[in-house]
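>>> Provided below for reference: sequence and predicted model.
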Amino acid sequence: MKHTISVMVENHFGVLARVSSLFSGRGFNIDSLTVGETEDPTISRMTIVVEGDDRILEQVTKQLNKLIDVIKVIDMTGENFVERELLLIKVAATPAMRSEIMQIVNIFRAKIVDISFNSLTVEATGGKAKIDAIIGMLRPFGIKEIARTGRVAMLREFRGKV
Amino acid sequence: MELTGAEILIECLKKEGVNTLFGIPGGAVIAIFDALYDEKQIRFILTRHEQAAAHAADGYARASGRVGVCIATSGPGATNLVTGIATAHMDSVPIVAFTGQVGTAMIGSDAFQEADIIGITRPITKHSYLVKDTSELARTVKEAFYIASTGRPGPVLIDLPTDVTKAKVEFVYPQKVNIRGYRPKYEGHPQQIKRVAQAIREAKRPVICAGGGVISSGATKELRELAEKTNIPVTTTLMGLGAFRSDHPLSLGMPGMHGTRYANNAIMESDLLIAIGARFDDRVTGKLDAFAPSAQIVHIDIDPTAISKNVAVDIPVVGDAKQVLKELNRIVDPKGQSEWNEKIKQWKKQDTLSYEASSTVIKPQYVIEQIYEVTKGKAIVTTEVGQNQMWAAQFYKYSRPRTFISSGGLGTMGYGFPAAIGAQIARPEDTVFDIAGDGSFQMNIQELATVVQYQLPVKVAIMNNRYLGMVRQWQELFFNKRYSATSLEVAPDFVKVAEAYGVKGIRVTHPKDVRDSIQEALATEGPVVLDFHIAPEEKVFPMVPAGKAINEMIERMA
């Protein structure tokens, strides 16, 4: 099944290679991996989305913890968490098609960030389902380019029942 | 005071109590060797190949319990260390390896003798550092020794660009190490230890399986106390040989592929298997699905990743073997002799390790028995890998920790001789025997020069069958005797080779001369190479064929 793992690491060179090689060394394909600084500039947060057998992933989580540069590992799978991804998508758009595309963009609360005679570039954020949906809606117009950041995730503060 | 990086490195080594360094110089480490030139407290041992430097550091560490240190230059010097580092990694041996590197400005430019050794060794080190600023050097060395020697020990590599060793900075050695991502846990969870005591109370057929972790944590006394208090029989893995006296009534010897039949039977029939500092290697478990089918499994290990990696564990205890056993011994109920003990006694009587004796050809098992007798069981034995290693494990009886030194995990041929060099330097008063094969010995034979140069009285006993014997054995048993590439007919005269280096060589071709030759070797002050021409087709038995359950053993044909 799909696992979303948050890994707090020392913010130095070489750490990304150590983390990613743990996955590649076991033949796992990483769905997405993002890295960025946290509230403490000496710590980076990696969000790794990976598909794999639960038992093997438990091993990988332990192996991650074993790395000297890894400070904390949270497997968020099964927990209540917020997950977001940013999408940039360049769509073929003649002036005549612009308004239709802009309607779709509005519905998804996305933004147009670049325009030319024959294209529009759209910026959207959201969970995986929303991002997949907007790509699906724009596909008929002709997609010229897609860039996705990969997911970032954070546990929700209130995780109890209402 | 301001010191160069090279001088800082030497000062750091002294602060860490290092008195021996193994290695070979080269362009990228000249500054370090220059700083070493006037150094009185550190003895430098010039090996003849960097692989041997890494193995010697490893042998030093295994024999002494201290961190072994080696150094090589950039590029090929560094890559030659790789097999030695991987060997130490698989067997959890604390070594620190220093490598030279091209100057920081040139890294990544394919400079002369440049190799990305950090990248190459990433999966085979516990941790590694590329030092980019001389001001970070002292802290890095301090951390490296701490990481190598604590928790589950392992190799740490420090890559040193030339400009970092030449620049001058103020030398301050940090007092403490603080690594927020590394906090090894030594104390076992009290609740888990209670569960172990409870499981022992209820068990009818318990077995202890002690591994290398018992030796590295110094828990042999605690292990014996547990076994004797509860009358639980103990099997020791290859890495655990010496952790429990093999002549102890509760000893089952080694389990697994070439283990004793009674150790394997005991595991297979047990209702409680207590693994301590052992990691359920496939050579121990055989067919995993069939392993210890009715046993509840307790696993005591300092490394959480070792737990439930191969075998699903019922009661895990993460912690240091010594501390956990101390705690367990305090609360466990004593148990008397049981039917189980009686059954095992019978098995031990029926199935002793044996071989067909001969008065015409030399049997390797006989040679090892004679080495055992002549050294009164007090030698430190290192081994190469293959048949020689298994015979050395089966027929020499180990009674003290750190006296059997062998590449268990990686199975590195060429390990034993350089490891013997390291062990001899760590324990100058002890007799050190490398039990070798003719194939393995040739993989680091150049180290004969090293034993001569430093007057190390290492004794090498070659079980010379003119074959890559273990592979030949598999070909005979499982590949229709198709001996593909396992014959070593073209071989040097080992006596002459030894003599060419200035080492005494003794050829032994008849069983009646075996004992005398060993006595002669021991009576000789310096190093000796004993070339035993053994029965060429002798095999290691019993044996569990790969992929079979460990109680499906093949015996020798009577």
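Looks like it came in fine. Numbering: from 1, shown residues only, chains lettered A, B, ... in the order given.

>>> what packs against the biggest helix by length in chain A?
In chain A, with assignment by DSSP state H, the single longest helix is helix A:54-66. In terms of contacts (3 or more Cβ pairs under 8 Å, 6 or more residues apart in numbering or on different chains; DSSP states H and E), helix A:54-66 is packed against strand A:2-10, helix A:15-24, strand A:70-75. C-betas here are computed from N, CA, C, even on glycine.

>>> tell me the contacts of the residue in the stretch 201-350 of chain B positioned nearest to chain A?
Nearest to chain A in the stretch 201-350 of chain B, going by Cβ to the nearest Cβ, is B:Thr305, at a distance of 4.3 Å. B:Thr305 makes contact with A:59, A:62-63, A:65-66, according to Cβ atoms under 8 Å, 6 or more residues apart in numbering or on different chains.

>>> Point out where chain A drops to low pLDDT.
Residues of chain A meeting the criterion pLDDT under 70: A:159-162.

>>> quick one, helices of chain A?
With helices called from DSSP H, chain A shows them at A:15-24, A:54-66, A:98-107, A:128-138.

>>> any chance of these in a markdown table, with mean neighbour count too?
Listed next are the helices of chain A as a markdown table, based on neighbours: other Cβ atoms under 10 Å in any protein chain shown:
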| stretch | mean neighbour count |
| --- | --- |
| helix A:15-24 | 17 |
| helix A:54-66 | 17 |
| helix A:98-107 | 14 |
| helix A:128-138 | 16 |
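
>>> re the thing from before, out of the helices and strands packed on helix A:54-66, nearest to chain B?
Distance to chain B, taken as Cβ to the nearest Cβ, is lowest for strand A:70-75 among the helices and strands packed on helix A:54-66, at 4.5 Å.

>>> So which bits of the closest one are buried?
A:70-71, A:73-75 (16 or more other Cβ atoms under 10 Å in any protein chain shown).

>>> who touches the residue lying closest to B:Lys126 once chain neighbours are set aside in this structure?
With Cβ to Cβ, 6 or more residues apart in numbering or on different chains as the criterion, B:Lys126 has its nearest non-adjacent residue at 3.3 Å, and that residue is B:Gly154. Counting by Cβ under 8 Å, 6+ apart, B:Gly154 touches B:88-89, B:92-94, B:125-126, B:147-148.

>>> and if you look at B:Ile208?
Taking Cβ under 8 Å, 6+ apart as the test, what B:Ile208 contacts is B:223, B:226-227, B:232-235, B:274, B:276.

>>> now do B:Tyr467
The contact partners of B:Tyr467, by Cβ under 8 Å, 6+ apart, come to B:438-439, B:486-488, B:536.

>>> Try it again at 7 Å.
Contacts here follow Cβ atoms under 7 Å, 6 or more residues apart in numbering or on different chains; on that basis B:Tyr467 touches B:486-488, B:536.

>>> Quick one, which of the residues you listed are buried?
Neighbour-count burial (16+ other Cβ under 10 Å) is assigned, among the contacts of B:Tyr467, to B:486, B:488.

>>> Closest one to chain A out of the contacts of B:Tyr467, please.
Nearest member of the contacts of B:Tyr467 to chain A, counting by Cβ to the nearest Cβ, is B:Thr486, at 31.2 Å.

>>> From the contacts of B:Ile208, which land in strands?
Filtering the contacts of B:Ile208 for membership in strands, criterion DSSP state E, returns B:234-235, B:274, B:276.

>>> want to throw the residues you listed into CSV with neighbour count and distance to chain A?
CSV is the format used below for those (neighbours: other Cβ atoms under 10 Å in any protein chain shown; distance: Cβ to the nearest Cβ, whole Å):
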residue, neighbour count, distance to chain A
B:Val234, 28, 28
B:Thr235, 30, 26
B:Ile274, 29, 21
B:Ile276, 28, 19
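
>>> Dump the buried residues of strand A:70-75 into TSV; add distance to chain B as well.
Formatted as TSV, the buried residues of strand A:70-75 follow (distance: Cβ to the nearest Cβ, whole Å):
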residue	distance to chain B
A:Val70	5
A:Ile71	5
A:Val73	10
A:Ile74	14
A:Asp75	14
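
>>> so which two of those are the farthest from each other?
A:Ile71 and A:Asp75 (15.1 Å; Cβ to Cβ).

>>> and B:Glu555, what pLDDT?
Turning to B:Glu555, the model gives it a pLDDT of 87.

>>> give me every residue that touches the closest residue to it other than its chain neighbours.
What sits nearest to B:Glu555 in space, not counting adjacent residues and going by Cβ to Cβ, 6+ apart, is B:Pro542, at 5.3 Å. Counting by Cβ under 7 Å, 6+ apart, B:Pro542 makes contact with B:261, B:553-555.

>>> can you count the residues close to residue 33?
You didn't pick a chain, so chain A it is. 18 (other Cβ atoms under 10 Å in any protein chain shown).

>>> um, chain B though
17.

>>> Touching, it and B:Pro25? I think so.
Yes: the criterion here is Cβ atoms under 7 Å, and B:Phe33 meets it with B:Pro25 at 4.5 Å.

>>> check contacts around whatever residue of the stretch 451-558 of chain B ends up closest to chain A.
Nearest residue of the stretch 451-558 of chain B to chain A (Cβ to the nearest Cβ) works out as B:Gly547 at 21.3 Å. Going by Cβ under 7 Å, 6+ apart, B:Gly547 touches B:Lys287.

>>> separation between it and B:Ala393?
The gap separating B:Gly547 from B:Ala393 is 21 Å, by Cβ to Cβ, to the nearest Å.

>>> Same check on A:Asn11?
Taking Cβ to Cβ as the measure, A:Asn11 and B:Ala393 are separated by 47 Å.

>>> Which one's more surrounded, the two?
Taking other Cβ under 10 Å, A:Asn11 and B:Ala393 do not tie; B:Ala393 has more neighbours (26 against 17).

>>> residues contacting the more buried one?
Listed by Cβ under 7 Å, 6+ apart, the contact partners of B:Ala393 are B:238, B:241, B:254.

>>> Surely the residue of the stretch 451-558 of chain B closest to chain A forms part of a strand?
No: counting by DSSP: H, G, I helix; E, B strand; the rest coil, B:Gly547 is located in no strand; its state is coil.

>>> Quick check: closest non-adjacent residue to the spatially most central residue of chain B.
Central residue of chain B (Cα atoms, centre = their mean): B:Ser406, 4.0 Å from the mean position. Leaving aside its chain neighbours, B:Ser406 sits nearest to B:Thr383 (4.4 Å; criterion: Cβ to Cβ, 6+ apart).

>>> swap in B:Pro334?
B:Lys229 is the one closest to B:Pro334 (Cβ to Cβ, 6+ apart), at 5.1 Å.

>>> Next, count neighbours for the one you found.
B:Lys229: 15 neighbours (other Cβ under 10 Å).

>>> Output the helix or strand hosting B:Asp159 as PDB, nothing but the C-alphas.
Using DSSP states H and E, B:Asp159 sits within strand B:156-161. In PDB, the C-alpha atoms belonging to strand B:156-161 read as follows (Å, rounded to 0.1, in the frame of the first residue of the first chain):
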ATOM      1  CA  VAL B 156      33.200   5.000   9.600                       C
ATOM      2  CA  LEU B 157      35.000   6.600   6.800                       C
ATOM      3  CA  ILE B 158      36.500  10.100   6.700                       C
ATOM      4  CA  ASP B 159      37.400  11.600   3.400                       C
ATOM      5  CA  LEU B 160      40.100  14.300   3.600                       C
ATOM      6  CA  PRO B 161      40.800  16.700   0.700                       C
END
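
>>> Now do it: everything it contacts.
B:85, B:96-104, B:107, B:117-118, B:121, B:125-131, B:140-141, B:144, B:147-148.

>>> Stretch A:78-96 now?
Stretch A:78-96 has contacts (Cβ under 7 Å, 6+ apart) with A:4, A:101, A:118-128, A:131, A:134-135, A:138, A:141-156, A:159.
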